[in-house]
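1. I would like to see how this sequence folds:
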Amino acid sequence: MNTVLFIFSLVVAALALVFMFIVLDISNQNFLTRELNGKKRKSSGVKYIRLPQKRQAELQADLKEVNQEISPEEFVYKKVLKSLIVFIIMAVVTVVFVKDPLMWVLVLVVTAYTYIQPNRSLKRVKRLKAAQKKLEFPRYIKSLTTLMRSQTAFEALKKSVEYAPANIRPLVVMLINEMTLYPKNIEPFMNFSDRLGIVESKQYMLLLYQAMELSEENSREYIEKLSRMNEQMEAEAVNLLVDSEPSSMSKYVFAMLTAMILLPMSIALLTMFNMFSDM
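-> Numbers count the residues shown, from 1 in each chain. The predicted structure follows:
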C-alpha cells in the first residue's frame, strides 16, 4: 500500500513538475518581452540584493540590449523569489505526501532549474533580437538603395529615416548627424556598423560611403552591389531567425521528457534501495 501511495505521489509530483516548467517558461518569457508602460514599482526585497560590479555591468548591458527597463538587482531578486516559492511548494509535497529522501534530489534539481531559467530566457531573447536586427538591416538597405536611384545619396539617407525599422532608426539619425558634423569622413559609417553589431554591415557601410563620395552616375555600380548583397544577407537572416526560435512546443516537450525520465529513475532507485535494505 505504501509503495502504491509513493508511486501515485511521485506521478503527481512529476505532473506538477511539468506544469511548473510550463508556467515558469511563460512567465519568464512575458517578463522579458512585455512592454513597460509608465513607472514600474520596485519590489521591496531588491534592496537586499548585492551584485559584484562586473556582474552588475554585464547584466545591465544584457537587459538594455533587450530593452528591459529594470535593474540587475531586480532581475536577480525575481529569480531568487521564484526559486524560493518552488522550493517551498515541492518541499511541502515531499514532506506531506512522498516522504522519501530521494525526492529531495528532485526538489533541488527543480529549484536550480527555476533559478537559471530567467538567464536562459534572457539569452534566447538576445538571440532573437540579434536575428531580427540582421533581418531588418538588409530590408532597410533595400529601401535606401531604391531612394538612391532617384535622388542624391545624402538626400536618400535622410529620407530613409521614415522607412527604417524601429531598431535601426535611431542609428540612422545618429549617422546623419555625424555626417553633418564630419562630412566626407568614413568614421560615421564605421560607427554606425559598430553600434549595429552586425559584422557584415561594415562592407555595406563602406560601399555606401563610396557611393556617396561619387557622382550620381558613377555611384550606380555601388548601388547595384548593395542590392546584390542584400538578397543573400536577407536569406541568411531568415534562416537565422528560424533557427533562433525553435518550435514553441519544444520546451514543453523537454519538460515532459524530463519528468518521464526522472519518474522511472526514481522508482528504480527506490526499488534498489529497498532490495538492499531487506538483504
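2. residue boundaries of the helices in the stretch 1-150 of the chain?
-> For the stretch 1-150 of the chain, helices defined by DSSP state H, counting those that start in this stretch occupy the ranges 2-33, 53-65, 72-93, 103-148.
3. dump the ones you listed to CSV, plus distance to residue 164.
-> To be clear about C-beta, it is placed using only N, CA and C from the backbone, and glycine gets the same treatment. Formatted as CSV, the helices of the stretch 1-150 of the chain follow (distance: least, C-beta to C-beta, whole Å):
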stretch, distance to residue 164
helix 2-33, 22
helix 53-65, 19
helix 72-93, 30
helix 103-148, 5
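4. can you put those helices in TSV and add distance to residue 205, mean neighbour count and mean pLDDT?
-> Formatted as TSV, the helices of the stretch 1-150 of the chain follow (distance: least, C-beta to C-beta, whole Å; neighbours: other C-beta atoms under 10 Å; pLDDT from 0 to 100):
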stretch	distance to residue 205	mean neighbour count	mean pLDDT
helix 2-33	30	16	52
helix 53-65	21	13	88
helix 72-93	33	17	88
helix 103-148	10	18	85
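5. and of these, who's closest to residue 173?
-> Of all these, helix 103-148 sits nearest to residue 173, with 12.8 Å by C-beta to C-beta.
6. what does whichever helix or strand comes after the closest one contact?
-> Using DSSP states H and E, the helix or strand that follows helix 103-148 towards the C-terminus is helix 153-159. By C-beta atoms under 8 Å, 6 or more residues apart in numbering, the surrounding residues in contact with helix 153-159 are 144, 147-148, 150-151, 172, 175-176, 179, 208, 211-212, 216, 219.
7. out of those, who has the most neighbours?
-> Within the contacts of helix 153-159, residue 148 tops the neighbour count with 27 neighbours, counted by other C-beta atoms under 10 Å.
8. I'd assumed residue 227 was in contact with it.
-> No - applying C-beta atoms under 8 Å as the test, residue 148 and residue 227 come out as separate, 10.0 Å apart.
9. which residues does the residue nearest to residue 119 when sequence neighbours are not counted contact?
-> Spatial nearest neighbour of residue 119, excluding adjacent residues (C-beta to C-beta, 6 or more residues apart in numbering): residue 79 at 7.8 Å. Neighbour list for residue 79: 114-115, 118-119 [criterion: C-beta under 8 Å, 6+ apart].
10. in a markdown table, list these along with distance to residue 125.
-> What follows is the contacts of residue 79, written out as a markdown table (distance: C-beta to C-beta, whole Å):
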| residue | distance to residue 125 |
| --- | --- |
| 114 | 18 |
| 115 | 18 |
| 118 | 10 |
| 119 | 11 |
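11. identify, from these, the entry nearest to residue 94.
-> Nearest member of the contacts of residue 79 to residue 94, counting by C-beta to C-beta, is residue 114, at 15.5 Å.
12. distance of that closest one relative to residue 58?
-> If you measure residue 114 against residue 58 using C-beta to C-beta, to the nearest Å, the figure is 21 Å.
13. cool, residue 136 as well?
-> In terms of C-beta to C-beta, residue 136 sits 26 Å off from residue 58.
14. follow-up on the earlier one: between the helices of the stretch 1-150 of the chain, which one is closest to residue 185.
-> That would be, of the helices of the stretch 1-150 of the chain and by C-beta to C-beta, helix 103-148, which comes in at 19.2 Å.
15. for the closest one, packing partners?
-> Packing contacts for helix 103-148, counted by 3 or more C-beta pairs under 8 Å, 6 or more residues apart in numbering; DSSP states H and E, involve helix 2-33, helix 53-65, helix 72-93, helix 153-159, helix 201-213, helix 220-244, helix 250-278.
16. tilt between it and helix 72-93?
-> 140 degrees (axes from the mean of the first three to the mean of the last three C-alpha atoms, to 10 degrees).
17. kindly calculate the angle that helix 103-148 makes with helix 53-65.
-> Computed by the same axes, to 10 degrees, the angle between helix 103-148 and helix 53-65 is 50 degrees.
18. quick one: closest of the helices of the stretch 1-150 of the chain to residue 193.
-> Residue 193 lies closest to helix 103-148 among the helices of the stretch 1-150 of the chain, at 10.0 Å (C-beta to C-beta).
19. just put the contacts of helix 153-159 in a markdown table and tack on distance to residue 199.
-> Shown next, in a markdown table, are these (distance: C-beta to C-beta, whole Å):
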| residue | distance to residue 199 |
| --- | --- |
| 144 | 19 |
| 147 | 25 |
| 148 | 23 |
| 150 | 30 |
| 151 | 30 |
| 172 | 19 |
| 175 | 18 |
| 176 | 23 |
| 179 | 22 |
| 208 | 16 |
| 211 | 20 |
| 212 | 22 |
| 216 | 30 |
| 219 | 24 |
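20. cool, thanks, talk later.
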